[in-house]
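Undergrad: What follows is a protein structure lacking sequence information:
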């Protein structure tokens with residue numbers, strides 16, 4: 001029952017915000033061509049469903065592949081940094097600096113290097129997404145109970161065996177957390193990449209719709225992107241619960 005109540009709260013808040021938005025536009029607070037009312041956005045979702053769906057499939061492919069690349073690269077890099085203090089000192093500042101590079105500047109450069117295919121888009125998405133995975137994975141690896149490591153060493157466990165049986169399982173919640181954060185920013189990265197060089201995708205739909213004052217269509221594309229990010233986040237949360245049920249147990253139950 002409590003879960004049902006918690007699930008209704010965001011829905012009720014969303015309905016309230018949509019109602020305020022609808023009233024603001026209907027009462028003449030803003031020109032509908034600049035900010036369409038929610039019912040106009042809903043109409044665009046229906047009327048332009050074929051266009052939006054075909055372009056959504058393009059963006060969804062880019063996002064899913066980009067997240068996969070970011071997760072793989074982030075996990076490998078985090079493990080490498082965890083094993084090597086010298087590598088941490090050399091690479092970590094560069095990782096932080098990479099997140100300060102503006103995507104609108106980086107995307108055209110990548111397109112010049114890699115062409116107008118899917119590769120530059122994957123590179124942009126992976127670049128803006130992988131940092132959260134690296135940071136949260138490193139935090140999980142660093143938070144391992146020192147007593148467990150000492151216990152493994154008393155049994156003459158190798159460094160690799162300690163990592164495999166103690167450190168990696170402890171870091172998996174951090175991997176999932178970083179990936180869930182990456183889901184949100186990956187959608188933003190995909191839109192910027194499509195802005196720079198693309199003839200398809202929801203980012204392209206937004207780019208060409210705004211100059212034509214098809215704002216309702218552009219906002220419909222934004223709504224689809226938001227729903228897609230929420231759906232991916234929910235799927236990752238479900239996967240985490242299934243893969244790591246012990247991570248969701250109350251602390252009192254874990255100690256029993």
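TA: Nice, thanks for sending it over. This is a predicted model, so every value here is computed, not measured.
Undergrad: Tell me if I'm right that residue 153 and residue 162 touch.
TA: Yes - with contact taken as Cβ atoms under 8 Å, residue 153 and residue 162 are classed as touching, separated by 7.3 Å. Where C-beta positions appear, they are placed from N, C-alpha and C, glycine not excepted.
Undergrad: Tell me which of those two has more neighbours.
TA: The residue with more neighbours, out of residue 153 and residue 162 and counting by other Cβ atoms under 10 Å, is residue 162; that gives 18 against 12.
Undergrad: who are the neighbours in contact with that one?
TA: 149, 152-153 (Cβ atoms under 8 Å, 6 or more residues apart in numbering).
Undergrad: next one: residue 189
TA: In this structure, residue 189 makes contact with 66, 103, 124-125, 127-129, judged by Cβ under 8 Å, 6+ apart.
Undergrad: Identify the contacts common to residue 153 and residue 162.
TA: With contacts taken as Cβ under 8 Å, 6+ apart, residue 153 and residue 162 have no neighbour in common.
Undergrad: related to what we said a few turns ago, flag whichever of the contacts of residue 189 scores worst on pLDDT.
TA: When those are compared on pLDDT, residue 103 comes out least confident, at 73.
Undergrad: That residue: neighbour count?
TA: Under the criterion other Cβ under 10 Å, the count of neighbours that residue 103 has is 19.
Undergrad: I'd guessed it sits against residue 129; true?
TA: No - Residue 103 is not in contact with residue 129 according to Cβ under 8 Å; the separation is 11.4 Å.
Undergrad: Next, the buried residues of the helix or strand hosting residue 9.
TA: In this assignment (DSSP states H and E), residue 9 forms part of helix 2-26. Within helix 2-26, the residues scored as buried using 16 or more other Cβ atoms under 10 Å are 21, 25.
Undergrad: distance between it and the chain's centre?
TA: In terms of Cα atoms, centre = their mean, to the nearest Å, the centre of helix 2-26 is found 24 Å from the chain centre.
Undergrad: got a list of contacts for it?
TA: Surrounding helix 2-26, the residues in contact under the criterion Cβ under 8 Å, 6+ apart are 30, 32, 35-39.
Undergrad: Please pick the buried ones from those residues.
TA: Among these, those scoring as buried are 35-38 (criterion: 16+ other Cβ under 10 Å).
Undergrad: Which of the residues you listed fall within helices?
TA: Counting by DSSP state H, those place residue 38 in helices.
Undergrad: Can you tell me which of the buried ones among the contacts of helix 2-26 is nearest residue 59?
TA: Closest to residue 59 out of the buried ones among the contacts of helix 2-26 is residue 36 (21.4 Å), distances taken as Cβ to Cβ.
Undergrad: Which residue is the nearest non-sequential neighbour of that closest one?
TA: Spatially, and ignoring its direct neighbours in sequence, residue 36 is nearest to residue 216 (4.1 Å; Cβ to Cβ, 6 or more residues apart in numbering).
Undergrad: report the angle between the axes of the host helix or strand of the one you found and helix 2-26?
TA: Secondary-structure element containing residue 216, defined by DSSP H and E: helix 215-243. If you take axes from the mean of the first three to the mean of the last three Cα atoms, to 10 degrees, helix 215-243 sits at 170 degrees to helix 2-26.
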